[in-house]
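>>> Here is the input, now give the coordinates:
(chains A and B)
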There are 2 protein chains.
Amino acid sequence: MSFEFERLAADGRARAGILHTPHGDIPTPVFAPVGTQATVKAVPPRDLREIGASLVLSNTYHLYLRPGDELVRDMGGLHHFMAWNGPILTDSGGFQVFSLAQINKIDDQGVTFRSHIDGSKHRFTPEKSMEIQEHLGGDIIMAFDQCPQPTDRAIVEKAVARTNAWAVRSREAHPDDSVQALFGIQQGGIFEDLRAQSSATLTGLGFPGYAIGGLAVGETKAQMYQALDFSVPMLPEDRPRYLMGVGAPDDLVNAALRGVDIFDCVMPTRIARHGAVFTPDGTTNMRNLEHARAETQIDDTCSCYCCQNFSRAYLRHLVKAGELLGHYLLSVHNIRFLIRHMERIRQAIFEGQLQAYADAFLARYLQNP
Amino acid sequence: MSFEFERLAADGRARAGILHTPHGDIPTPVFAPVGTQATVKAVPPRDLREIGASLVLSNTYHLYLRPGDELVRDMGGLHHFMAWNGPILTDSGGFQVFSLAQINKIDDQGVTFRSHIDGSKHRFTPEKSMEIQEHLGGDIIMAFDQCPQPTDRAIVEKAVARTNAWAVRSREAHPDDSVQALFGIQQGGIFEDLRAQSSATLTGLGFPGYAIGGLAVGETKAQMYQALDFSVPMLPEDRPRYLMGVGAPDDLVNAALRGVDIFDCVMPTRIARHGAVFTPDGTTNMRNLEHARAETQIDDTCSCYCCQNFSRAYLRHLVKAGELLGHYLLSVHNIRFLIRHMERIRQAIFEGQLQAYADAFLARYLQNP
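Numbers count the residues shown, from 1 in each chain, chains lettered A, B, ... in the order given. From the prediction side, this is the model:
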C-alpha cells in the first residue's frame, strides 16, 4: 500500500508514526510549511530539505488561477515544477474560495466565484477540485469541503450536510488512492454531534486519512482544544489525522497531545515577513530596539543557517532596511523552529514524556506567545 | 605585503593575476557583486561562495546612515556582521552623497547633505570617510572623491582638482595599508589631459591600487571605451586597476581587454528584481510570454542552483506572482553569469585568446544586450 500509516508509539492519545508516500516517508507528528504558489515564500527547496521539512503544502485555488493546473501538469507536475521531490499535500481550494475570492453563488453542486487576482469568473465543484489536484500531482489531496464559521450552529449544520455530500462526490471522482491519497475532511465546528455526524459519513467512505477542518478560524483556543477532545477520537485510529491550518507552537503541542498527526500553517513565513520570530521564550519582533546591539543569535539552541551565522543586531538591520535577505533568514529560522518542535514532540512520544515536554515548553513559550 | 598583486599573465593590455588580501585571494580580472546595505540583495553569503564570488562591495554612505558604522564596528566589523568571510571592498560614500542625498553644500573641505532616509543632516570629509571605512573594516577602502558628469569639461576640471586634494587628505588620514588597503580614484571624465593630471597626483601618493572613477555615469559606451584606452595606461602596471560601477557583460570584456582588473555593479541583482536575466544570447525578461511553457532552464551551460533545478516556466510563474524566491533565483543566476564570464575572460588571458573570446561572446550577447 502506497500510503501505509505505521503507528510506532503512543503516549496517551498522542501517536508517533510514519506515513509512507511515493515521494518518501513522513515521520509523524509532522508540521508542513506552506508553499501557496508552488514556493514556500522566500525559501529555496534545498533549504527546506536542510531544515528537515518532510511535507510541503500547496494551494489548489492559487495554482488553478496562476499559472494554471494544466500548465503545472504539462511541466511535469508540482514536484518537478517547484523542484521539491519530497511529499506534497494540496488542499481542495474550498477554504480559499470562501476566504479570498468574491463568491457569486454557492449551491449544492459547487461554488461560483471571481478570482481575487483579476475578477475573472470560475466554478469549483468536487469533481473540478479532484481534476485540478490530479493535474497538480500532489501525494495527498483533499476532498472539496465547505469551511464555515465554527460557532454558528445553523450555518455549521448546513456546511456539514454539504461537505458530506461533496465528500461522496470527491471519493467517486477519485476512487484510487495508489498514486494520490484522498483525505476526507471532518466539519462540524465546535459541536460534538455535528462532528459525529460528519465523521460517520466520512469513515463510511474509507479514506486513507482524515482532516479536522473548520478549526483555527475564529474560535478561541479553549474552544479549539475542547473540539479536538471529542473530534479526534471519532476518526479511525489506524489512519493519519490532519489538523488543517494550525501552526502556532502552543497549538501544535496541544493538538499532538490530543492525537493529531499532521499540521500545516503559513504562520512561520508570514510572521517572518513582518519581522517576527519564534524563540523558546515566545515570539519577538526583530524591529525591537532591544535587538539593536545584540550579538547573540535568535535562539542559541537552534541549528538553522540563520542562527548559526547571524546576530540579532544584523537581522534587525535587515528588517529595518527592508532587505530581502531578512525574509529568507527569518523564514528559515521560523520553519526550523516548528520542525524541531515536532521532532521533540515525536521523541517525547517515544519516551512516554509528551505531557512533561508540553508542560516545560508551554511554561516558557506562553510567557510571550 | 598584505595586498600583493601578482601578475600571472598578460594578453595585449589585459592581465590575469591574484590580489592577495587578509581575507583571501582574489583572482583577477574579477567581478564583485554589490551588497549595498551589508547584504547582496536576496542572496545569502553561502550562495555567494558557491557561485564563485571572491570579493563583495558594500556602501559606506548606506551603512553610515543605517545601522551606523560604529554599530558595525562594535558587532565585530562588516565581515562578521554580514557573515561574509571573503574579501570586502567599501566605497568612499562620495558617489552616493552626490547621487542619492540632498546636497546642502559642497566646499573644498567636504560635503554637507541630508539623508535620503529621514532627511537628517550629515557631513562627509575625506577624514570622515576614512574613519567610517575603518570602522566598517573592509579589506579595500576607497579615497573620498567627487564624481562629476563626465562630459562637461568645466565641471570635470573642478572635480579633478577637488578629488586630488581629497586624495592627499585620504592618504594622510589612512597612511598604513597593512590591514586595509586604500585605493586612489582617478577622475577626469572623458578628457585625456584631465585623466593625466589626476593620475599624476594619485601615483605620486603611492596607493596599493587605483580606481577609474567617473565612467558609466551617462556617457556613451564608445566614449567610455575611448576614455579607458587612454586612462588605464596612466596607472601603474604593477597595481590592480578597478573600474567602478561597471558590470554589463559587454563592458566587462571590453574593459578587461583594456587592462582593468576589478569591477563591481548592482546590475545583476537589480535587473533580477525586475525579472530580467543574462543569457549568452543577451538579456531576456522572464515575464515574457515566450517563457510561459518553456521547460528549459535560463542557460543550459550554467552551473548555478537556479539553472540546475528550475525551468523558465517556473521562473516566469514566480516573477508574475511576485514571489520572493524569484528574486533569489534570478539574482543567483545573474551573479553566476558574470562571475563565469570573468572566469572565462581570465582563462582566455592565460591562453592568449582574449580577443577571440571577446569577439565570440559579443557576437552572441549583443544580439539583445
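>>> ok, A:Gln109 touching A:Thr125?
Yes - A:Gln109 is in contact with A:Thr125 according to Cβ atoms under 8 Å; the separation is 5.9 Å. For glycine as for every other residue, the C-beta is placed from the backbone atoms N, C-alpha and C.
>>> who's more crowded, these two?
Each of A:Gln109 and A:Thr125 has its neighbours counted (other Cβ atoms under 10 Å in any protein chain shown); A:Thr125 has more, 19 against 14.
>>> pLDDT wise, what is that one at?
As predicted, A:Thr125 sits at a pLDDT of 97.
>>> contacting residues around it?
A:Gln109, A:Gly110, A:Val111, A:Phe144, A:Arg169 (Cβ atoms under 8 Å, 6 or more residues apart in numbering or on different chains).
>>> Pull the most distant pair out of those.
Maximum pairwise distance among those (Cβ to Cβ): 13.3 Å, between A:Val111 and A:Arg169.
>>> Neighbour count: the two, which is higher?
A:Val111 (22 against 18).
>>> what sits opposite that one in the beta ladder?
A:Val111 forms beta bridges with A:Ile106, A:Phe124, as assigned by DSSP bridges.
>>> For it, give its distance to A:Ser170.
14 Å (Cβ to Cβ, to the nearest Å).
>>> what about the residue nearest to A:Gly352 when sequence neighbours are not counted, neighbour count?
Leaving aside its sequence neighbours, A:Gly352 sits nearest to A:Asp11 (Cβ to Cβ, 6 or more residues apart in numbering or on different chains; 5.1 Å). Number of residues near A:Asp11 (other Cβ under 10 Å) recorded here: 19.
>>> isn't A:Asp11 right next to A:Ala356, touching?
No - in this structure, A:Asp11 is not within contact of A:Ala356 by Cβ under 8 Å, at 10.1 Å.
>>> any shared contact partners between those two?
By Cβ under 8 Å, 6+ apart, the residues touching both A:Asp11 and A:Ala356 are A:Ala348.
>>> returning to what we had before: now do the phi/psi pair for the residue nearest to A:Gly352.
phi -150, psi 100 (degrees, to the nearest 10).
>>> Identify the residues contacting it.
A:Asp11 touches A:Ala348, A:Ile349, A:Phe350, A:Glu351, A:Gly352, A:Gln353, A:Leu354, A:Gln355, counting by Cβ under 8 Å, 6+ apart.
>>> ok, and the second one, which helix or strand is that part of?
Looking back up the chat, that one is A:Ile349. helix A:324-350 (DSSP states H and E).
>>> The residue nearest the centre of chain A: what secondary structure?
Nearest residue to the geometric centre of chain A (Cα atoms, centre = their mean): A:Asp264, 1.6 Å. Three-state assignment for A:Asp264 (DSSP: H, G, I helix; E, B strand; the rest coil): strand.
>>> residues in contact with it?
Counted by Cβ under 8 Å, 6+ apart, A:Asp264 has contacts A:Phe31, A:Ala32, A:Pro33, A:Val34, A:Leu55, A:Leu57, A:Leu89, A:Tyr242, A:Met244, A:Gly245, A:Val246, A:Gly247.
>>> Is it bridged to anything, and to what?
What pairs with A:Asp264, by the bridge criterion (DSSP bridges), is A:Ala32.
>>> what's the distance between it and A:Tyr242?
8 Å.
>>> Repeat that for A:Thr283.
From A:Thr283 to A:Tyr242 the distance is 25 Å (Cβ to Cβ).
>>> what do you get for A:Pro44?
26 Å.
>>> Who has more neighbours out of those two?
A:Tyr242 (29 against 24).
>>> and the more buried one, that's in a helix?
No - per three-state DSSP, A:Tyr242 lies outside any helix segment and is strand.
>>> Dig out what it forms beta bridges with.
Beta-bridge partners, per DSSP bridges, of A:Tyr242: A:Ala211, A:Ile262.
>>> Which pLDDT value belongs to it?
For A:Tyr242, pLDDT reads 98.
>>> now A:Asp47
For A:Asp47, the predicted pLDDT is 98.
>>> A:Ser99 now?
pLDDT, read off for A:Ser99, is 85.
>>> Name all residues that make contact with the nearest residue to it once chain neighbours are set aside.
Distances taken as Cβ to Cβ, 6+ apart put A:Cys147 closest to A:Ser99, at 8.0 Å, once the chain neighbours are dropped. A:Cys147 sits next to A:Gly94, A:Phe95, A:Phe98, A:Ser99, A:Ala159, A:Gln187, A:Gly213, A:Gly214, A:Val217 when contact means Cβ under 8 Å, 6+ apart.
>>> one more time with 10 Å, if that's ok
A:92, A:94-99, A:159, A:163, A:185, A:187, A:189, A:213-215, A:217, A:244-245 (Cβ atoms under 10 Å, 6 or more residues apart in numbering or on different chains).
>>> likewise A:Asn59?
A:34-38, A:65, A:90-93, A:95-96, A:100, A:136, A:266.
>>> can you count the residues close to the residue lying closest to A:Tyr305 once chain neighbours are set aside?
In space, and not counting its chain neighbours, A:Tyr305 is closest to A:Val332: 5.8 Å by Cβ to Cβ, 6+ apart. When neighbours are counted by other Cβ under 10 Å, A:Val332 registers 27.
>>> Likewise for A:Thr220?
10.
>>> Dihedrals phi and psi, A:Lys121?
According to degrees, to the nearest 10, A:Lys121 has phi -90, psi 140.
>>> okay, now the domains of chain A?
For chain A, the structural domains run A:5-265, A:267-369, going by automatic domain parsing.
>>> Just tell me which of these ends up closest to B:Arg316.
domain A:5-265 (7.6 Å).
>>> for that closest one, the distance to its chain's centre please.
For domain A:5-265, the separation from the chain centroid amounts to 7 Å (computed by Cα atoms, centre = their mean, to the nearest Å).
>>> how close does the closest residue to A:Ser170 other than its chain neighbours get to A:Arg162?
The spatially closest residue to A:Ser170, leaving aside those adjacent along the chain, is A:Ala143, at 3.8 Å (Cβ to Cβ, 6+ apart). Using Cβ to Cβ, A:Ala143 is found at 12 Å from A:Arg162.
>>> More neighbours: which of these two?
A:Ala143 (30 against 19).
>>> just the strands in the stretch 1-150 of chain A please.
A:5-11, A:14-21, A:24-28, A:30-33, A:56-58, A:88-90, A:102-106, A:111-114, A:121-124, A:140-142 (DSSP state E, counting those that start in this stretch).
>>> how near is A:Glu127 to A:Asn164?
Counting by Cβ to Cβ - A:Glu127 and A:Asn164 are separated by 16 Å.
>>> Contact residues of the stretch 151-300 of chain A facing chain B?
A:Thr269, A:Arg273, A:Ala292, A:Arg293, A:Ala294, A:Glu295 (Cβ under 10 Å from any Cβ of the partner chain).
>>> Show me which of these are buried.
Among these, those buried by neighbour count (16 or more other Cβ atoms under 10 Å in any protein chain shown) are A:Thr269, A:Arg273, A:Ala292, A:Ala294.
>>> just checking, the third one touches B:Pro67?
Read that as A:Ala292. Yes - the criterion here is Cβ atoms under 10 Å, and A:Ala292 meets it with B:Pro67 at 7.5 Å.
>>> which residues are in contact with both of those two?
With Cβ under 10 Å, 6+ apart as the test, A:Ala292 and B:Pro67 both reach A:Ala313, A:Arg316, A:His317, A:Lys320.
>>> thinking again about what came up before, identify the farthest-apart pair in the residues of the stretch 151-300 of chain A next to chain B.
It's A:Thr269 and A:Arg293 that sit farthest apart of these, by Cβ to Cβ, at 27.4 Å.
>>> Please name the nearest non-neighbouring residue to A:Gln146.
Using Cβ to Cβ, 6+ apart, the closest residue to A:Gln146 is A:Ala159 (4.5 Å).
>>> I meant to write A:Leu205 there.
That would be A:Arg171: by Cβ to Cβ, 6+ apart, it lies 4.8 Å from A:Leu205.
>>> From A:Val156, how far off is that neighbour?
22 Å.
>>> repeat for A:His333
From A:His333 to A:Val156 the distance is 37 Å (Cβ to Cβ).
>>> and A:Val277, that's in a strand?
Yes - looking at A:Val277 with three-state DSSP, it is inside a strand.
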